[in-house]
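In: got a structure for you, letters missing:
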C-alpha cells in the first residue's frame, strides 16, 4: 500500500487538549505550526469558565480553540475534537499531541513518510530523558514495559500519534477512561482488529514532559491510575473466566503498588487513591455501558 505523504495532498490537523496550562499549550501549538500542519484544534478541558483558554494566544487562522463547558477527560475530549475537526477539515489525518509535548524539527515529515491508509504512526518520544518508541503492557500484571516480553503486547503512547484519515473521524478512545489507560486500550483493539497496524518511526521526533498536568504525587493521579487498571482488566479480557483472572491479578498488582508507594512517600494517599479509583472505575464503566 502506498504512503499517504504530503505529496498526495493529505491534510494533517493537530489535536491538542489543554487543561489550565496555557503556556505549555502555546508551546505545543507553535511546534505543530512550525512543522506545517494544515490546522490545529485546541480542545480546552479546563472547566474554569474560559479563564485558562483566554490566556492562549490564537493568532493564526489555522488554529481553532474550543472551550468545553466541562472537563470531559482525555478520551472523550479527543473524540469531541476529532468530530469538530471533520467539520472544517473533512478527510484530514489527525496528529494527536499532548499539550506538554513538542515536535522536533522535521518530525511531521518523518511521520508522514511512514503513514499508510491502514497504519497508525507512533514516533519515538523523549519521555523526560528516556527514549521510548512503543510501550508494552503485560496483560496479567498490568506492568508497563519498554521492551517486549512474554505475555505483553505493544501499544503506542498517547502523547503523540499520527492517525490515517479513516481513523481520524472518531470516536477513537473508550470514554470510560478519564485519564490514563486509553492508549493501552486503543493498542489492544488495534491489535485484535487485524485491520490496522502500528508503525514506529524508529527515531525520536517528540519531546514530552511526564505527568505535567496531573503530577505524580497527587490524589488525582493515584485515583485515575488505579481506575485505568480496573477498567483495563475488563477491556483486555478475552472471555468471562479471563476477566476474573485479570481482575484478580490487577488487584494483587495494585495492592503491591499502593504498599510500595505509601512506604516510599510516607503517605496514605496511594491507599486512598486505590479505593477511590476502584469506585470511579465502577461508576464510569456503568455509565459507559448505559451510553452504549
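Out: Good, I have the coordinates. Computed from a predicted model, the values in this text were never measured in an experiment.

In: Specify the beta-bridge partners of the nearest residue to residue 168 once chain neighbours are set aside.
Out: The shortest distance from residue 168 to any residue other than its chain neighbours is 3.8 Å, reached at residue 94 (CB to CB, 6 or more residues apart in numbering). Every C-beta, even on glycine, is put in place using the N, C-alpha and C of the backbone. Taking DSSP bridges, one finds residue 13 as the beta-bridge partners of residue 94.

In: so who does residue 94 touch?
Out: 12, 13, 14, 15, 82, 85, 162, 163, 167, 168 (CB atoms under 8 Å, 6 or more residues apart in numbering).

In: Next: residue 107.
Out: Applying CB under 8 Å, 6+ apart, the residues contacting residue 107 are 35, 123, 205, 206.

In: got it, and residue 63?
Out: Applying CB under 8 Å, 6+ apart to residue 63 gives the contacts 29, 33, 39, 40, 42.

In: Dig out what it forms beta bridges with.
Out: Using DSSP bridges, the bridge partners assigned to residue 63 are residue 40.

In: how near is it to residue 188?
Out: For residue 63, the distance to residue 188 equals 33 Å [CB to CB, to the nearest Å].

In: same check, this time on residue 150
Out: 17 Å.

In: Looking at the two, which has the bigger crowd around it?
Out: Between residue 150 and residue 188, counting by other CB atoms under 10 Å, residue 188 is the more crowded of the two (18 against 5).

In: OK, contacts around that one?
Out: By CB under 8 Å, 6+ apart, the neighbours of residue 188 are 137, 153, 155, 235, 236.

In: just the strands in the stretch 51-200 of the chain please.
Out: Using DSSP state E, counting those that start in this stretch, the strands found in the stretch 51-200 of the chain span residues 63-67, 93-97, 101-103, 119-127, 130-132, 135-138, 144-145, 152-155, 160-162, 197-208.

In: so can I have a markdown table of the ones you listed showing distance to residue 255?
Out: Converted to a markdown table, those look like this (distance: least, CB to CB, whole Å):
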| stretch | distance to residue 255 |
| --- | --- |
| strand 63-67 | 40 |
| strand 93-97 | 33 |
| strand 101-103 | 32 |
| strand 119-127 | 27 |
| strand 130-132 | 27 |
| strand 135-138 | 17 |
| strand 144-145 | 18 |
| strand 152-155 | 21 |
| strand 160-162 | 32 |
| strand 197-208 | 30 |
